[in-house]
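> Sequence first, predicted model second:
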Amino acid sequence: MTDTTRYRIEHTSHYRYQSPARGSVMALCLQPQRDEQQQLPSFNLLVEPAATLSHERDSFGNCYHYFSIHRRHHEVKIIMRAEVTLQPPPPLPASRKTATWQAVQRWRNSFAHWDFMQPSVLTATSATLTAFMQDNDIAPTGDPLSSLQQLNTKLFACLQYLPGSTSVESSIEHILATRQGVCQDYTHVMLAIARTWGIPSRYVSGYLYTTGQAHEQVVSNATHAWVECLLPTLGWVGFDPTNCSNRDARHIRIAIGRDYRDVPPTRGTRQGGGNTHLDVTVKVQKL
């Protein structure tokens with residue numbers, strides 16, 4: 001029987017306003033997904049000041065929660081608590097036959113995965129990206145799986161993980177110019193390259209349970225992002241270029257999209273409030 005790992009997660013977002021806000025409306029993308037490998041035994045959202053939550057699913061199947069506050073307030077605190085059980089993905093073969101490139105190319109004429117094959121705002125192709133690929137000898141090889149594994153390794157080697165070096169709106173040109181970024185930047189670069197190869201590829205937001213090993217580059221109190229690519233006979237395969245690994249039983253999935261803009265944990269608008277200070281803390285505990 002496949003080993004199952006259980007995690008307890010607490011994710012707190014605390015917004016503080018310079019002056020009283022007269023009203024707030026927010027959307028939350030914080031509920032971990034349920035699928036064949038990941039189950040959600042418990043999930044709870046708490047909003048302060050108290051607000052009524054509604055929820056719906058977007059076109060990618062992600063669960064969004066919404067709330068509004070129609071009274072004066074100086075701060076908003078959002079606390080998500082969940083327990084998740086994970087089974088490790090099935091082991092990957094060393095490579096696939098070169099014929100699978102033919103199967104990948106046939107997807108170019110289909111609308112089934114169109115959203116994950118086209119450049120998005122944060123995964124746009126450019127002369128800078130092309131030069132980066134040429135300078136680092138990044139090109140498809142004998143089969144799609146081996147090509148993606150090599151790309152995963154190349155990005156880990158070429159880029160430096162440096163918190164604070166980019167923002168959520170940073171372009172690919174910025175990270176390639178500085179060779180510095182965080183998990184969402186690594187993910188955007190890999191998405192852009194994989195899509196130029198005709199491979200349907202999607203952005204995954206979530207959490208990573210860190211074990212303290214030297215190669216782990218993601219801080220333990222933050223959200224995480226990685227890539228999933230669709231491969232013939234294998235389905236969606238996860239790649240984590242930030243940590244030079246594949247998705248495993250430490251990767252807890254929240255949502256999927258074309259890039260970060262589709263799945264920010266929190267976003268919204270308000271009346272008044274002046275400048276905003278946001279504190280985010282994430283705790284992932286293995287049970």
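That came through, no problem. Residues are numbered from 1 along each chain as shown.
> in stretch 90-108, what counts as buried?
By neighbour count on 16 or more other C-beta atoms under 10 Å, the buried set for stretch 90-108 is 96, 100-101, 104, 107. Glycine gets a C-beta too; all of them are placed from N, C-alpha and C.
> How many residues are close by Ala127?
By the criterion of other C-beta atoms under 10 Å, Ala127 has 8 neighbours.
> Can you give me the pLDDT of it?
Ala127 is assigned 93 on the pLDDT scale.
> got it, and Met1?
With respect to pLDDT, Met1 scores 44.
> May I ask which helix or strand encompasses the nearest residue to Leu287 once chain neighbours are set aside?
Of all residues not flanking Leu287 in the chain, Arg6 sits nearest, at 4.3 Å (C-beta to C-beta, 6 or more residues apart in numbering). According to DSSP states H and E, Arg6 maps onto strand 5-28.
> For the helix or strand that that strand is followed by, give the mean pLDDT please.
Following strand 5-28 in sequence order, the next helix or strand is strand 38-48 (DSSP H and E). Throughout strand 38-48, pLDDT has a mean value of 97.
> what's in contact with strand 38-48?
28, 30-34, 53, 65, 67, 75-87, 252-253 (C-beta atoms under 8 Å, 6 or more residues apart in numbering).
> Keep only those of the residues you listed that are in strands.
Residues of these located in strands (DSSP state E): 28, 65, 67, 75-86, 252-253.
> Restrict the residues you listed to the buried ones and give me that as a PyMOL selection.
Here is the PyMOL command that picks out the buried ones among the ones in strands among the contacts of strand 38-48, judged by 16+ other C-beta under 10 Å:
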select buried, resi 28+65+67+76+78+79+80+82+83+84+86+252+253
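> so who does the nearest residue to Thr196 once chain neighbours are set aside touch?
Distance criterion C-beta to C-beta, 6+ apart; nearest residue to Thr196, sequence neighbours excluded, is Thr125 at 6.0 Å. Taking C-beta under 8 Å, 6+ apart, we find Thr125 in contact with 119, 192, 196.
> In terms of secondary structure, what does the one helix or strand in the chain whose mean pLDDT sits lowest contact?
When the helices and strands of the chain are scored by mean pLDDT, DSSP states H and E, helix 100-106 comes last with a mean of 89. The contact analysis (3 or more C-beta pairs under 8 Å, 6 or more residues apart in numbering; DSSP states H and E) places helix 100-106 against helix 144-158.
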